[in-house]
Every structure is written in structure tokens, then in C-alpha cells.
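K.L.:
mind folding the following:
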Amino acid sequence: MAVLLVGGLLLGAWWLGEKRTGASKGAAYESGVLPSGSARLAYPVPFYLVAIFFIVFDVESVFIFIWAVAWDLLGIPGLIHITVFITVLLLGLLWLWRKGGLDWGPKKREAVKQ
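P.N.:
You can find the predicted model right below:
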């Protein structure tokens, strides 16, 4: 019954819908401003790095919340496990920072030369 209802609504929308196409039919609407340039722009890599960092630390926070809820069951061994978990993540963050993976702009040496 639901399939017939959805099919009927789609058929009715197609039958009653506007069939005319104009010059502006395919243009994107951006608050009244006409589009200029290509719609396929490359985003700089640091934006992807921020997204990856967000995902990593978001998952980390979920694990820490789960650990906090189960503190009574886990006890001291759970504390040791969560300490090792956070230490590994912080060591990875420190390594990335030292390698320059968190730098947004030009390197400091290049900025001084200019």
C-alpha cells in the first residue's frame, strides 16, 4: 500500500509539475548572486587534517566516557588501560606537532626570508 501511495504521489508530481525549462533553470541559486567560476574547488589540506583530528579526538572522548561510566567495574586495571590509551594518543599528537603537521601557514624559516 505504501509503495502505491509513493508511486502515485511521484506520478502526480511529474504530471502536474512545470514542464518548461528556461535559461536560468540549470543555474545554482546562491541568495540571488549569480555563480562565477568553477564549482569544483580544491580545499587546502589543513582543513582535512582538522577533520581527521576531530574524528580521532571525538572517538577518544567516547572511549573515555564509556570508561568513566564503567569505573566501578574496571577499577585500577581500567585506570592503567585508559592511561596507556591517552598516552599513546598524546605521543602521536606530540610527534605530529614536532614534524610540523599542525602548521597552517608557511614555515617559519620561509616567512622570515620574505
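K.L.:
what comes into contact with stretch 52-72?
P.N.:
Outside stretch 52-72, the residues that touch it by CB atoms under 8 Å, 6 or more residues apart in numbering are 74, 78, 81-82, 85-86, 89. From N, CA and C alone the C-beta is placed, and that goes for glycine too.
K.L.:
hmm, 6 Å instead?
P.N.:
Applying CB atoms under 6 Å, 6 or more residues apart in numbering, the external contacts of stretch 52-72 come out as 82, 89.
K.L.:
what mean pLDDT does the biggest helix by length in the chain get?
P.N.:
Counting residues, the longest helix found in the chain (DSSP state H) is helix 71-99. Averaged across helix 71-99, pLDDT comes to 90.
K.L.:
give me the pLDDT value at the most centrally placed residue in the chain.
P.N.:
Geometric centre of the chain, nearest residue: A51, 4.8 Å, by CA atoms, centre = their mean. On the pLDDT scale, A51 is placed at 84.
K.L.:
F65 versus that one, what's the distance?
P.N.:
21 Å (CB to CB, to the nearest Å).
K.L.:
quick one, phi psi at K19?
P.N.:
Taking degrees, to the nearest 10, you get phi -100, psi -10 for the backbone angles of K19.
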